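> Generate coordinates for the sequence data below:
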Amino acid sequence: MKIHCFIIDDEPGARFFLRNLLEKMPEEVEILGEASGLLEAGPLLKSLKPNLVFLDLEMVNSHGFDLFEGDERLPFEVVITSAHSNQALEAFRFGVADYLVKPLTTPLLIRAIMRVRKILAPLENSKVVTFHTQEGMQAIPSFKIVRFEADRNYSWVHGTFGKSICISKNLGFYEPQLENCGFFRVHHSHLISIFQIQKINRSEGTVLMTDGHLVPISREKKKRLLELVEQKKSE
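Numbering: from 1, shown residues only. Sure thing, here's the model as predicted:
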């Protein structure tokens, strides 16, 4: 997956230096454009639709944190590039992917790009899944689904889309549909998203999901789960 990025920095020399480093990684990133401030960047971000923005903080007529004004989540990831380290804590509270202190280096950029890649992976492999419930049809992007749980002749779908929903289809119906979206059936009663794993306890044979639920792992599925997790880490 090539990451499409945009650079916001009021110093022409800093933009040139960052662009030069990124252009040495053509397989990793594509530079869509650059701007000297948030006012100039606004319409460009809407039209170019990058999935990563490199953002300076202390700029003439604006501060980088102004980008996070409003309640809506930004449609791209942000990596801060600052000459000062004292605003890192506040930056991570805004949910930035990484905070890089100038002067920038290739190893620092590679680290940041790897972090962004892991964040974007569920989106890249996502598909819209349609569920028929008692309330009607509901379409949910797979990256918002944490896990499926079997309940007799029904199944429960849990995720970040709101209230969990009950469906009349069994896990076997969705397993082949979602295999390429990072889902794996770790137990006859549980189909989970590998991207939503928080921690694997090998000795107890359980996996902690991002929704706080502890899911059992069948003995025969443990090895394959670990292989898939390692595979996702290396992608």
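> What are the buried residues along the helix or strand hosting residue 99?
Residue 99 belongs to strand 98-101 when assigned by DSSP states H and E. Neighbour counts over strand 98-101 (16 or more other C-beta atoms under 10 Å) mark 98, 99, 100 as buried. Quick note: C-beta positions are derived from backbone N, CA and C, even for glycine.
> Output the longest helix belonging to the chain.
The longest helix of the chain (DSSP state H) is helix 106-124.
> OK, contacts around the residue nearest to residue 145 when sequence neighbours are not counted?
Counting by C-beta to C-beta, 6 or more residues apart in numbering, residue 145 lies nearest to residue 159, which is 4.1 Å off, once chain neighbours are set aside. Residue 159 sits next to 140, 144, 145, 146, 147, 211 when contact means C-beta atoms under 8 Å, 6 or more residues apart in numbering.
> how about CSV for those, with distance to residue 217 added?
Output for these, formatted as CSV (distance: C-beta to C-beta, whole Å):
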residue, distance to residue 217
140, 25
144, 23
145, 19
146, 16
147, 12
211, 17
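> out of those residues, who's nearest residue 20?
residue 144 (37.8 Å; C-beta to C-beta).
> Can you report phi and psi for the closest one?
When read as degrees, to the nearest 10, the backbone of residue 144 gives phi -90, psi 0.
> Could you give the average pLDDT over the longest helix of the chain?
Averaged over helix 106-124, pLDDT sits at 88.
> got a list of what the residue positioned nearest the centre of the chain touches?
Per C-alpha atoms, centre = their mean, the C-alpha nearest to the average position across the chain is that of residue 119, at 2.4 Å. The contact partners of residue 119, by C-beta under 8 Å, 6+ apart, come to 77, 97.
> Could you measure from it over to residue 212?
Separation of residue 119 from residue 212 (C-beta to C-beta, to the nearest Å) stands at 20 Å.
> quick one: secondary structure of the residue lying closest to residue 169 once chain neighbours are set aside?
Leaving aside its sequence neighbours, residue 169 sits nearest to residue 155 (C-beta to C-beta, 6+ apart; 6.2 Å). Following DSSP: H, G, I helix; E, B strand; the rest coil, residue 155 is assigned to strand.
> Next one, pLDDT for residue 155 please.
So, for residue 155, pLDDT stands at 94.
> so what's it bridging to?
Going by DSSP bridges, residue 155 is paired in beta bridges with residue 150, residue 167.
> On the three-state scheme, the residue lying closest to residue 211 once chain neighbours are set aside is what?
Spatially, and ignoring its direct neighbours in sequence, residue 211 is nearest to residue 146 (4.8 Å; C-beta to C-beta, 6+ apart). When classified by three-state DSSP, residue 146 comes out as strand.
> now the angle between strand 145-151 and the longest helix of the chain, please.
Inter-element angle recorded for helix 106-124 and strand 145-151: 40 degrees (by axes from the mean of the first three to the mean of the last three C-alpha atoms, to 10 degrees).
> Send over helix 106-124 as PDB, restricted to the C-alpha atoms.
In PDB, the C-alpha atoms belonging to helix 106-124 read as follows (Å, rounded to 0.1, in the frame of the first residue of the first chain):
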ATOM      1  CA  THR A 106      15.100   8.600   7.200                       C
ATOM      2  CA  PRO A 107      14.900   6.200  10.100                       C
ATOM      3  CA  LEU A 108      12.400   8.500  11.900                       C
ATOM      4  CA  LEU A 109      10.300   8.800   8.700                       C
ATOM      5  CA  ILE A 110      10.300   5.000   8.200                       C
ATOM      6  CA  ARG A 111       9.100   4.600  11.800                       C
ATOM      7  CA  ALA A 112       6.300   7.100  11.300                       C
ATOM      8  CA  ILE A 113       5.200   5.500   8.000                       C
ATOM      9  CA  MET A 114       5.200   2.000   9.500                       C
ATOM     10  CA  ARG A 115       2.900   3.300  12.300                       C
ATOM     11  CA  VAL A 116       0.600   4.900   9.800                       C
ATOM     12  CA  ARG A 117       0.500   1.800   7.700                       C
ATOM     13  CA  LYS A 118      -0.700  -0.300  10.700                       C
ATOM     14  CA  ILE A 119      -3.400   2.300  11.300                       C
ATOM     15  CA  LEU A 120      -4.600   2.300   7.700                       C
ATOM     16  CA  ALA A 121      -4.400  -1.500   7.200                       C
ATOM     17  CA  PRO A 122      -8.000  -2.200   8.400                       C
ATOM     18  CA  LEU A 123      -9.300   0.500   6.100                       C
ATOM     19  CA  GLU A 124      -7.400  -0.800   3.100                       C
END
